[in-house]
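1. Provided below are the primary sequence and the corresponding predicted coordinates.
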6 protein chains.
Amino acid sequence: MAVQLVNYERNMISQAVFFTFSFLFFFSRAVAKDFCVADYSAPESPAGYSCKKVANVTVDDFVHSGLGVAGNTSNLIKFAITPAFVDSFPGVNGLGLSVARADIAPGGVVQLHTHPGASEILLVAQGTITAGFISNANNAYIKTIKQGDVIVFPQGLLHFAVNVGRSQVVAFASFNSANPGVQILDNSLFGSNFPSELISATTFLDVVVVKKLKGVFNGTG
Amino acid sequence: MAVQLVNYERNMISQAVFFTFSFLFFFSRAVAKDFCVADYSAPESPAGYSCKKVANVTVDDFVHSGLGVAGNTSNLIKFAITPAFVDSFPGVNGLGLSVARADIAPGGVVQLHTHPGASEILLVAQGTITAGFISNANNAYIKTIKQGDVIVFPQGLLHFAVNVGRSQVVAFASFNSANPGVQILDNSLFGSNFPSELISATTFLDVVVVKKLKGVFNGTG
Amino acid sequence: MAVQLVNYERNMISQAVFFTFSFLFFFSRAVAKDFCVADYSAPESPAGYSCKKVANVTVDDFVHSGLGVAGNTSNLIKFAITPAFVDSFPGVNGLGLSVARADIAPGGVVQLHTHPGASEILLVAQGTITAGFISNANNAYIKTIKQGDVIVFPQGLLHFAVNVGRSQVVAFASFNSANPGVQILDNSLFGSNFPSELISATTFLDVVVVKKLKGVFNGTG
Amino acid sequence: MAVQLVNYERNMISQAVFFTFSFLFFFSRAVAKDFCVADYSAPESPAGYSCKKVANVTVDDFVHSGLGVAGNTSNLIKFAITPAFVDSFPGVNGLGLSVARADIAPGGVVQLHTHPGASEILLVAQGTITAGFISNANNAYIKTIKQGDVIVFPQGLLHFAVNVGRSQVVAFASFNSANPGVQILDNSLFGSNFPSELISATTFLDVVVVKKLKGVFNGTG
Amino acid sequence: MAVQLVNYERNMISQAVFFTFSFLFFFSRAVAKDFCVADYSAPESPAGYSCKKVANVTVDDFVHSGLGVAGNTSNLIKFAITPAFVDSFPGVNGLGLSVARADIAPGGVVQLHTHPGASEILLVAQGTITAGFISNANNAYIKTIKQGDVIVFPQGLLHFAVNVGRSQVVAFASFNSANPGVQILDNSLFGSNFPSELISATTFLDVVVVKKLKGVFNGTG
Amino acid sequence: MAVQLVNYERNMISQAVFFTFSFLFFFSRAVAKDFCVADYSAPESPAGYSCKKVANVTVDDFVHSGLGVAGNTSNLIKFAITPAFVDSFPGVNGLGLSVARADIAPGGVVQLHTHPGASEILLVAQGTITAGFISNANNAYIKTIKQGDVIVFPQGLLHFAVNVGRSQVVAFASFNSANPGVQILDNSLFGSNFPSELISATTFLDVVVVKKLKGVFNGTG
């Protein structure tokens, strides 16, 4: 390939002022959408929050500092989740991803749940868990994994994790949605206003069992 | 797999209050986007209407009651369509699907048309139709189908249906868009402001034919 | 707008042969992808089945005749589903939609379940049901709806229906995926190889309850 | 921001061999999908053709040379289209865009048509056209535009162009699909196997008119 | 296929008024989203600008007239770009495509850059360029192409063009985004507030080189 | 809401066998696409690898164990990346997400690079980094962040990280693509076959500088 190129460098300094102006001018109108930082006060669309004006965006919109501290696992399930979803991390708005930190004390449990809007990769940063998901074909894919292992939970499928070791588990979950959502089975059934008799009819759980668990999860109906 | 699990149940009652508070707190900020019910008064984006505040959403936003009554087929084409698209069914906003009811009297016709924004499955709930579509390769895929049969019309392709039986046809159309749109060939050509001479030039229809049909479809130009 | 148009019609007949050849030639190479009928014998990608050669496609690929007959509801839940998903309806491959017929005898139940890959609109063609879904915020949106009503279940959320009338219910479900998938809660928990102790630990259901239901649903583990 | 940086440059030469090996090794497994050049001999999925092995890809796969020559406009409509779609331009496979060249002699016509799978921008490189599209609301948006002007036709809507000047028109169309498809109204109706009586019934065109045009466009049925 | 069709035409005139009213009524609520012309004064979402009311839309929203005039190439790089992106072409909002005109004087250069949000097809309308892109596998795909040739640059990859002929180059770029964005390497490094020492550390360019180029491109830091 | 529900439980045992058979039968054909584990030996489409048969899928396809061990940072840039992308993690095929581990020794550098196919969230698990990205508007968003902080890099934008602390940095990157790709600036320019004179012409770097760095990065041309 015979390419004839002029020596640009010798002309650089003298023409620089003109160049920078003319060149940036043409592109300056099209630069807005490499990101759309959430403006929580403006209308929300199916695609996410409205965009903050670029002039008001700072690096802090793209940084989230909530995952440095262990969540409080002094609760019934010995589990705490600390999300960095779009509601607390405006920079991910419209970008289609988010993360969360999970702390699980020994014997603790991440209850069976789904994310209707995202697949998840769970990375074990510390400790040992038994984790898995149930497929549409009703096969349970379950494995005990340790520090440095990751497991993927396909979108919308029921999944769980249990700390089966003797030490605290720290894990990081990443999602391919800025707002993955979560539907925790127990809370959906027993922490909602879903009438007990309908729950019983549609799950084959005895009404007595349902009502007892509603007492635990503060459900009504 | 050796899993050691503590007996959670014995501790349930006493810790329940604490648990429910701590657990729901972490997730409560991320629950908004399992749906985005249309707020017709706020700005509309390419992704659909703005979202109504969740606190104002009721089950009625997710239910549409317009398809229980037959449309009035006392017209030229003996056909009526009753849509449940996003404009009358706010719960489908952002979810990417909608439905409609079609009534076709004997001899009635669903004129040739396209949906620029969706594929369609047409289900014959009652009666017999001849239906079909034209492919990009100019092949007409046409079949006479009866109650319980379905036919799929790929996105954007010209398609039609004709009641070829002796009884009223009831059919249900489902679309993979909350707002499939429709471009009825006759209305596009003869019911619009598309100038007759341009129609003639771009379709090979004689201007006299065009003007006559414009009279029928109230077109101008 | 002053447009000068020649009279094309007078030249039509004489030039037709040449025209048709030249014009179709240019487009003939680009006509394949208005549809991609499933070739079940070729590799499957994340986007669906491989495409059958267009020359082998017939109108029958776009028609499905399975929904004309009531499913057999002589079972425990008095419910039957007859799907027209991509596995039995090759024409919807790649088009992103499908339908199914649901039959529910009086007192019958569509158990709590999710579709991980699609939203659903359920249309009551006959009878009366109580139907609803649970949101991420643990709110149950439930309503009793009758013939001609539709209800939308957002993607991935737990939902159900119960025949609360005295007559057989016929309903049609439409999905915005050619392969919506389904995760029936009871089957996921009690009809799979999900170990009973893990179920108990991650759902707060007593192991005795779990094992009893596993007996019903043929689960193992 | 006080950042302490070591002087990397002094260590460059000595460590270069090791570096290049170790660094490229880690990423070398993930480099395939910046493009997926079409392998026309392998299965086609709804997402496009299978990918040619990267080792066999050359720059010629990304270059198309067909648009440099005027198409032959010596035909009935004085129009020729020269596409650079995925079928003749393997490098655009999976990338979601393509282009075409349009030549229109004075008085020539781009007949009314749709692209079911893409929006289009038409750029007038030479000459003057009257072009437009019909919206779902049956409004015709039409304008006479000249060299250097562009007009956008939204996906799936009927559109057209007519050379209203005295000189040859050269225009370039760009599409947001590697395979936009085309449905030319005349060819769909009169150049296909669509039965004349069904055409008449679903378009309100007289059967005599239909049959006459079928003679022109070589239609059957 | 035996289809019995009534003769519609004889009833046309008398029933036309009634027909047009009833038929359009049903569809009139679903016509909005064949396009979403940008309303620059309303909120912007990740999917683009809010939609202007259809009643205020005119054909001029779908036409852009900026590409008819050569850009001013009297600058350092002898290059000018004239975009028709969503910011100056409201009709492409939400449609996912846009175009631009490039003028390159002899010896001129389109500097190395990426479009983070779109693939590009570059069409040489006049002249000769050497153009290419670098793949993830660090292979440079480069070719000298002339009038009528096109080259595709996959999304997000570094690419460039150089006028290697003796005459002015005119080229047209098309993108599969209404807002492709651009990241010009020189401007990103040397025309921004990116600190020189961090540039040096992360690119292996000597700080002296960096600072010299910052002088040319008006960078700070 | 008055719901009349029968007591299902009493009938469970006797009907269980029939139920399980009839119910699973209907759904069994539609279970395939909750996941599509990569079959590396079959054709690859733009949507990813072909799917392994479900019968051959095991839990190990969904688990990746490569991130538990520190990468070797004994190299020029004191950096190592250990990816869990689709090429080594078949379970993420088609799901649209992946992760990687980054090790950075004190003074180490993650060179300026882009991911053409994904946005990224980088989570600092240990240590302190200065990280940032350059926007389309040529603004550098840079911050020094520590353990537990995350930063998001929007798709396709140049970004970097530098270990500015005294201890080893461990960070985890998550991407919203199974195959994010990477374009490292230095390798693209100086480790490829991109001719030095073209690099110089399109970047304003002196040819001498380019050739020197080509020596470091093993580039040719």
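-> Arrived safely. Numbers count the residues shown, from 1 in each chain, chains lettered A, B, ... in the order given.
2. hey, let's count contacts and neighbours off CA atoms from now on
-> Noted.
3. now residue A:216, what are its backbone angles?
-> Per-residue torsions, residue A:216: phi -70, psi -40 (degrees, to the nearest 10).
4. lowest confidence element among the helices and strands of chain A?
-> helix A:12-27 (a mean of 38; mean pLDDT, DSSP states H and E).
5. which element follows it toward the C-terminus?
-> strand A:38-45 (DSSP states H and E).
6. so residue A:221 sits right up against residue A:198, yeah?
-> No - with contact defined as C-alpha atoms under 8 Å, residue A:221 does not count as touching residue A:198 (9.5 Å).
7. counting neighbours, go ahead and name the busier of these two.
-> Set side by side, residue A:221 and residue A:198 show more neighbours around residue A:198, with 23 against 15, by other C-alpha atoms under 10 Å in any protein chain shown.
8. now the more buried one: which helix or strand?
-> Per DSSP H and E: helix A:196-203 holds residue A:198.
9. need the helices for chain A, in chain order.
-> A:12-27, A:185-190, A:196-203, A:207-217 (DSSP state H).
10. any buried residues in the last one, and which?
-> Read that as helix A:207-217. A:207, A:210-211, A:213-217 (16 or more other C-alpha atoms under 10 Å in any protein chain shown).
11. angle of it against helix A:196-203?
-> Interaxial angle of helix A:207-217 relative to helix A:196-203 (axes from the mean of the first three to the mean of the last three C-alpha atoms, to 10 degrees): 110 degrees.
12. what is the distance between helix A:207-217 and the centre of its chain?
-> 30 Å (C-alpha atoms, centre = their mean, to the nearest Å).
13. pull the CA atoms of that helix into CSV?
-> Output of helix A:207-217 as CSV, limited to C-alpha atoms (Å, rounded to 0.1, in the frame of the first residue of the first chain):
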residue,chain,number,x,y,z
VAL,A,207,-53.8,-22.5,54.8
VAL,A,208,-52.5,-23.0,58.4
VAL,A,209,-48.9,-23.1,57.1
VAL,A,210,-49.6,-19.9,55.1
LYS,A,211,-51.1,-18.0,58.0
LYS,A,212,-48.3,-19.0,60.3
LEU,A,213,-45.7,-17.7,57.9
LYS,A,214,-47.7,-14.5,57.3
GLY,A,215,-47.3,-13.9,61.0
VAL,A,216,-43.5,-14.1,60.6
PHE,A,217,-43.3,-12.0,57.4
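14. how far away is the residue of chain A found nearest chain B from chain C?
-> Of all residues in chain A, the one sitting closest to chain B is residue A:45 (4.4 Å; C-alpha to the nearest C-alpha). Going from residue A:45 to chain C by C-alpha to the nearest C-alpha, to the nearest Å gives 16 Å.
15. check contacts around that residue.
-> Contact partners of residue A:45, counting by C-alpha atoms under 8 Å, 6 or more residues apart in numbering or on different chains, are B:36, B:44-45, B:47-51, E:45.
16. for residue A:174, same thing?
-> Residue A:174 sits in contact with A:97-100, A:120-122, F:174, where contact means C-alpha under 8 Å, 6+ apart.
17. ditto for residue A:117
-> Residue A:117 neighbours (C-alpha under 8 Å, 6+ apart): A:155-156, A:177, A:179-181, B:34, C:155-156.
18. then residue A:199?
-> Counting by C-alpha under 8 Å, 6+ apart, residue A:199 has contacts A:189, A:205, A:207, A:210.
19. picking up where we left off before, quick one: which of the contacts of residue A:174 is nearest residue D:160?
-> Nearest to residue D:160 out of the contacts of residue A:174 is residue A:97 (C-alpha to C-alpha; 41.4 Å).
20. surely that closest one and residue F:175 touch.
-> Yes - contact criterion C-alpha under 8 Å: residue A:97 and residue F:175 qualify, at 7.3 Å.
21. overlap of the contact sets of these two?
-> By C-alpha under 8 Å, 6+ apart, the residues touching both residue A:97 and residue F:175 are A:176, F:119-121.
22. who wins for neighbours among those residues?
-> residue F:120 (30 neighbours).
23. what ranges does chain A have for its strands?
-> A:38-45, A:48-51, A:63-64, A:79-84, A:98-104, A:109-114, A:120-126, A:128-134, A:140-146, A:150-153, A:159-163, A:169-175, A:183-184 (DSSP state E).
24. could I get the ones you listed in JSON lines, plus columns for mean pLDDT?
-> Compiled in JSON lines, those are given as follows (pLDDT from 0 to 100):
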{"stretch": "strand A:38-45", "mean pLDDT": "96"}
{"stretch": "strand A:48-51", "mean pLDDT": "96"}
{"stretch": "strand A:63-64", "mean pLDDT": "98"}
{"stretch": "strand A:79-84", "mean pLDDT": "97"}
{"stretch": "strand A:98-104", "mean pLDDT": "98"}
{"stretch": "strand A:109-114", "mean pLDDT": "97"}
{"stretch": "strand A:120-126", "mean pLDDT": "97"}
{"stretch": "strand A:128-134", "mean pLDDT": "98"}
{"stretch": "strand A:140-146", "mean pLDDT": "98"}
{"stretch": "strand A:150-153", "mean pLDDT": "98"}
{"stretch": "strand A:159-163", "mean pLDDT": "98"}
{"stretch": "strand A:169-175", "mean pLDDT": "98"}
{"stretch": "strand A:183-184", "mean pLDDT": "96"}
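25. identify each buried residue in stretch A:40-49, please.
-> Buried residues in stretch A:40-49 (16+ other C-alpha under 10 Å): A:40, A:42-49.
26. what about residue A:88, how many neighbours?
-> 17.
27. quick one, phi psi at it?
-> Dihedral angles (degrees, to the nearest 10) for residue A:88: phi -120, psi 10.
28. mind checking how far the closest residue to residue A:94 other than its chain neighbours is from residue A:45?
-> Distances taken as C-alpha to C-alpha, 6 or more residues apart in numbering or on different chains place residue E:46 nearest to residue A:94, at 5.1 Å, with adjacent residues excluded. Per C-alpha to C-alpha, to the nearest Å, residue E:46 is found 9 Å from residue A:45.
29. around residue A:54, how many other residues sit close by?
-> 14.
30. same question, residue A:72
-> 16.
31. same check, this time on residue A:118
-> There are 29 residues near residue A:118, going by other C-alpha under 10 Å.
32. what's the distance between residue A:127 and chain E?
-> For residue A:127, the distance to chain E - C-alpha to the nearest C-alpha - is 34 Å.
33. ok, now which ones touch that residue?
-> A:146-147, A:163, A:165, A:167-170.
34. look up the closest residue to residue A:115, ignoring the ones flanking it.
-> Closest to residue A:115 by C-alpha to C-alpha, 6+ apart is residue A:182, at 4.6 Å.
35. repeat for residue A:63
-> Using C-alpha to C-alpha, 6+ apart, the nearest residue to residue A:63 is residue F:151, at 4.4 Å.
36. residues in contact with that neighbour?
-> Residue F:151 touches A:62-64, F:121-123, F:131, counting by C-alpha under 8 Å, 6+ apart.
37. spell out which residues of chain A are next to chain B.
-> A:43-47, A:75-77, A:80-83, A:85-88, A:107, A:116-117, A:130, A:144, A:164, A:179-182, A:215-218 (C-alpha under 8 Å from any C-alpha of the partner chain).
38. quick check: can you list the domain ranges of chain A?
-> A:66-178, A:182-221 (automatic domain parsing).
39. any idea which of these is most buried?
-> Comparing those on average neighbours per residue, with mean count of other C-alpha atoms under 10 Å in any protein chain shown, the densest one is domain A:66-178 at a mean of 24.
40. chain center to that one, what's the gap?
-> With C-alpha atoms, centre = their mean, you get 9 Å for domain A:66-178.
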